[in-house]
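In: Build me a model from this:
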Amino acid sequence: MAVLPYEVYKTLEEELGKEKAEKIGKAIEEALNTIEKRAYEQKPILKAELKDELTKELATKADIAQVKAELKEDIAEVKAGMKVMEAKFSSELKLIKVWLLLLTLLVAFFNRDAFGVLLEIIKLLR
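Out: Down below sits the predicted model:
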């Protein structure tokens, strides 16, 4: 229940007189009580609306499970892609080694002084 402070009554009484101040003070108190009552009545409605809004925004356990499943699928795709890239890299590396060996043999064939150095390089590559 709303009660106006003494200072408000005192100001109204000084400006309007005692009788008018009491009538206006009671009218203001009734208006405040009506507003307070309506606000109290609206409280459950506002709580329900707020709950609905929050429920829409929050993730549920089902949402989290779905995201986890999607992440597992994505991780599996990445791993499969990595295996493919690893296989390609491995085959290309073997091809590079063959070409390097061929070039080494050609250098050794045409430059017999470099044969010892080339043998050391071949040992390092294995």
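In: Mind jotting down where the helices sit in the chain?
Out: 6-16, 18-57, 61-110, 115-125 (DSSP state H).
In: Mean neighbour count and mean pLDDT for those - can I get that in JSON lines?
Out: (Glycine included, C-beta is placed from N, CA and C.) Listed next are those as JSON lines, based on neighbours: other CB atoms under 10 Å; pLDDT from 0 to 100:
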{"stretch": "helix 6-16", "mean neighbour count": "13", "mean pLDDT": "82"}
{"stretch": "helix 18-57", "mean neighbour count": "11", "mean pLDDT": "87"}
{"stretch": "helix 61-110", "mean neighbour count": "11", "mean pLDDT": "89"}
{"stretch": "helix 115-125", "mean neighbour count": "11", "mean pLDDT": "76"}
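In: Phi, psi for Gly17 please.
Out: phi 100, psi 160 (degrees, to the nearest 10).
In: go on, Val3?
Out: Main-chain torsions, Val3, degrees, to the nearest 10: phi -130, psi 130.
In: and the gap between it and Glu57?
Out: 40 Å (CB to CB, to the nearest Å).
In: Could you do Glu120 as well?
Out: Glu120 is 68 Å from Glu57, by CB to CB.
In: got it, and Lys51?
Out: The gap separating Lys51 from Glu57 is 11 Å, by CB to CB.
In: now swap in Leu16 and tell me
Out: 52 Å.
In: One more: Arg38?
Out: Taken as CB to CB, the span from Arg38 to Glu57 is 28 Å.
In: And Val67, by the same measure?
Out: 16 Å.
In: cool, and Tyr6?
Out: 46 Å.
In: With Lys20 instead?
Out: Separation of Lys20 from Glu57 (CB to CB): 52 Å.
In: What does Thr60 show for phi and psi?
Out: Main-chain torsions, Thr60, degrees, to the nearest 10: phi -90, psi 170.
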